[in-house]
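Q: got a predicted model here, sequence first, then my questions.
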Amino acid sequence: MKLLLVVLATYFLHCYAEWPANLKTFSHAIKGAYCNPNQEIEIFKYSRGPAVITEQWYTGAECFGPSTIIRYYMDNNIKPYIEMNLYLAHGIGFVSNANEVNGTLKSKMATSDKEDGPGYKRKFNGDDPGVPWGTKRIGHTAKGGGLYNTIRLPFQKSIRITFETPYGGYYWYIVRGAENYPIKIGDLVLPKSAMLKLYKIEKYEMQPSEYVVVASTANKTGLLYKVTLAATSSDFNYLEACYRALIDDASDFQFLSSGTEDFFLSAFYYSGGLFHTDHAGLTFLQNPGTMSAYKFFEDDPVFFQKSFKLIWRCGEPKDNDCYQPGGGCYIKGNNQYCKTKDGMQVHKIPHGVQLAKTTMRSYVWTYEW
């Protein structure tokens, strides 16, 4: 009995010792405000850091739509520390029924009968594919709104959040956070100086077999946190592409996947269709070659101590020795050289496999310090 009491006392003392004594919640909401088109609008400001944004929620098809840009200004800087497309940041690279025609939002996702002022009635017709869905970190739970995330966004002194959209309309917004809040990724608590960083490629047309570095940092310690990819082509052959990482100035890269859909924890060109989990998800799929997907690395962290590069490619051969046990590769220019039993050979596209140009968008998030 004494041993049990000692164990329980030690446990509770340990837990109490880890509890920050100066935690303080802050929360803010906006209800039925109006946004003017092409105008940067401030929606939140807070100046008592260090603190962490723990949740955000956005609703309003015109103001918080697929073209909306969210900006985060840290520590009184005049340039945004993070500038992101709202939908792509939530893993959604395409919305098939929301299209821009001559600068006007033409959307089956949400049409509205507006009254002059707050409280106008909104009616929906058509479909918003895959809605509702949600995970512990991101979600899209309503037609024309319900975008949320619980991604931990730290700041040291202050934060100012704004958005800009091409359209006018009404919006609703919630933001919440806490001062002196520790960030835990997987089983690890990050240093207090850790900051969330976004590496982005907004639109890039890749040539067949071309490599693209989607994230690169040097003289930093940290971990890979999240990847979103949106890509479109004349077919899905580009999904043969593997993700690779160069970690801590290494000359040989490590494969992070055996293909693109494998990286996002699906298989056989997303044969099961749309899915959403805490680890990964497919938010859009359309033949002949369009998709968008996300992957979180909270429970399978990829660490770096000095430097980090994440590399994607426009297609791969299916029968290359690099992918067999004992194979090793390195990149030089747009060629991949592989260590095989016959020595070094150039990675080539095998006969019969045709690759096409692929237009891609990529968001890669890391925590760095």
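A: Yep, that arrived.

Q: low-confidence ranges, the stretch 51-200 of the chain, go.
A: Residue ranges of the stretch 51-200 of the chain with pLDDT under 70: 96-129.

Q: domain map for this structure?
A: With domains defined by automatic domain parsing, the chain comprises 22-181, 193-369.

Q: between the ones you listed, which gets nearest to D187?
A: domain 193-369 (8.5 Å; Cβ to Cβ). No exception for glycine: its C-beta is placed from N, CA and C like everyone else's.

Q: between the two ends of that closest one, how far is it?
A: End-to-end span of domain 193-369 (Cα to Cα, to the nearest Å): 6 Å.

Q: repeat for stretch 44-64
A: 15 Å.

Q: you'd agree Y87 is in a strand?
A: No: using DSSP: H, G, I helix; E, B strand; the rest coil, the assignment for Y87 is helix, not a strand.

Q: how about the contacts made by the closest residue to it other than its chain neighbours?
A: Nearest non-adjacent residue to Y87, counting by Cβ to Cβ, 6 or more residues apart in numbering: P66, 4.7 Å away. Going by Cβ atoms under 8 Å, 6 or more residues apart in numbering, P66 touches 85-87, 92, 95, 98.

Q: neighbouring contacts of stretch 194-201?
A: Outside of stretch 194-201, the residues within contact range by Cβ under 8 Å, 6+ apart are 74, 81-84, 151-154, 156, 183, 212, 214-217, 222, 225, 310, 360-369.

Q: how about a cut-off of 6 Å?
A: With contacts defined as Cβ atoms under 6 Å, 6 or more residues apart in numbering, stretch 194-201 is touched by 82, 153, 215, 362-369.

Q: SS state for the residue nearest to Y87?
A: Under three-state DSSP, P66 comes out as coil.

Q: next one: it from T232, what distance?
A: The gap separating P66 from T232 is 15 Å, by Cβ to Cβ, to the nearest Å.

Q: greatest separation within the contacts of stretch 194-201: which pair is it?
A: Spanning the widest gap among the contacts of stretch 194-201 are S362 and W369, at 23.1 Å by Cβ to Cβ.

Q: of these two, who's got more company?
A: A direct count of neighbours by other Cβ atoms under 10 Å for S362 and W369 places S362 higher, at 23 against 11.

Q: and the more buried one, that's in a helix?
A: No: secondary structure of S362 (three-state DSSP): strand, not part of a helix.

Q: rewinding a little: now the residue nearest to Y87: how far from P166?
A: Taken as Cβ to Cβ, the span from P66 to P166 is 10 Å.

Q: now swap in M74 and tell me
A: With Cβ to Cβ as the criterion, M74 and P166 are 26 Å apart.

Q: the two - which one has more neighbours?
A: Comparing M74 with P166 by neighbour count (other Cβ under 10 Å), the higher total belongs to M74, at 19 against 15.

Q: contacts only, for the more buried one.
A: 81, 155, 159.

Q: which of these ranks first by neighbour count?
A: Neighbour max across the contacts of M74 (other Cβ under 10 Å) = I159, 25 neighbours.

Q: my guess is it contacts Y46, does it?
A: Yes: using Cβ atoms under 6 Å, I159 is in contact with Y46, at 5.5 Å.

Q: one step back: drop anything exposed from the contacts of stretch 194-201.
A: 82, 153, 215, 362-368 (16 or more other Cβ atoms under 10 Å).

Q: okay, these in TSV with distance to Q286 next?
A: Listed next are the buried ones among the contacts of stretch 194-201 as TSV, based on distance: Cβ to Cβ, whole Å:
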residue	distance to Q286
I82	29
L153	31
A215	26
S362	19
Y363	20
V364	23
W365	25
T366	30
Y367	33
E368	35
